[in-house]
Each structure stands twice: as structure tokens, then as C-alpha cells.
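K.L.:
using only what follows, build the 3D model:
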Amino acid sequence: MAACDALRDEARDARRDAEQAATETKDDLQEARADTGKALALCATTAGGFAAGLAAGLATTPACVGGIWEAATSWCDVRDSGKEAVDATTAAAEAQQAYLACLNDHKRN
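P.N.:
Numbering: from 1, shown residues only. Modelled structure (predicted):
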């Protein structure tokens, strides 16, 4: 049964890793949403009326572009952490499956 105990511990650790990865993905998603909202707000200022907004538009265009860049990189972080979460969840499922197989083998013997 010691072999099963080690597999149980491995499965528990893998579940923790998967939960942590899911939390990181959730946090990255919230950040990306916030960054997107900021970019939209900055760029909406730039999109004001031509005559009234020309000077303001010229002044805020770098901020708009910077905001868009920040939002884009945030969404890339979401993509990357999402992939990590999927990998961690797969590893947790495999570890749990190995633990259950060990228990089943010991029940038969």
C-alpha cells in the first residue's frame, strides 16, 4: 500500500497545482478585462469629434496605442496561463487515475 500512498500524495499535489493554475488564469483574465476597458476608455477619448478632438487625439494617441498593447499582452498572458491550467488539470487527472488503479490492483490481490 505504500506505493498507493505515494500515488495518493502525488495526486493531491497535482490537484493543488491545477487549482493554483486555474486561479492564476482567473486573475490573468480579470487583468486582461481591466486592461481592455482602460484601452477602450483611452481610445474613446481619441475618437472624439474631429475639430474638437484633433489636439486631444494627437496627445492621447500614444496612450491609446500603449493601452491596446497592454491589453493585447494581457490576453496573451491569459492564453499562456490557460494552457498551463489545462496541462496541470490533465496531470492531476492522470495522477488520480494512477492512484485509483493502484487501489484497484490491491483490492484484487
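
K.L.:
what about stretch 5-24, average pLDDT?
P.N.:
Within the predicted structure, the mean pLDDT of stretch 5-24 is 96.

K.L.:
residue 97 and residue 17, how far apart?
P.N.:
In this structure, residue 97 lies at 16 Å from residue 17, with C-beta to C-beta, to the nearest Å as the measure. Heads up, the C-betas are built off the backbone N, CA and C, glycines and all.

K.L.:
top helix in this structure by residue count?
P.N.:
With DSSP state H applied, the helix covering the greatest number of residues in the chain is identified as helix 50-108.

K.L.:
so which elements touch that helix?
P.N.:
If you count contacts as 3 or more C-beta pairs under 8 Å, 6 or more residues apart in numbering; DSSP states H and E, helix 50-108 packs onto helix 2-46.

K.L.:
in this protein, what helix or strand scores lowest on average pLDDT?
P.N.:
The least trusted helix or strand in the chain, going by mean pLDDT, DSSP states H and E, turns out to be helix 50-108, with a mean of 85.

K.L.:
what angle sits between that one and helix 2-46?
P.N.:
Taking axes from the mean of the first three to the mean of the last three C-alpha atoms, to 10 degrees, one finds that helix 50-108 is oriented at 170 degrees with respect to helix 2-46.

K.L.:
and helix 50-108, how far from the chain's centre?
P.N.:
In terms of C-alpha atoms, centre = their mean, to the nearest Å, the gap separating the centre of helix 50-108 from the centre of its chain is 3 Å.

K.L.:
stretch 21-29 now?
P.N.:
On the basis of C-alpha atoms, centre = their mean, stretch 21-29 sits 4 Å off its chain's mean C-alpha point.

K.L.:
and it, what's buried?
P.N.:
Burial within stretch 21-29, assessed by neighbour count using 16 or more other C-beta atoms under 10 Å, is assigned to 21-22, 24-25, 28-29.
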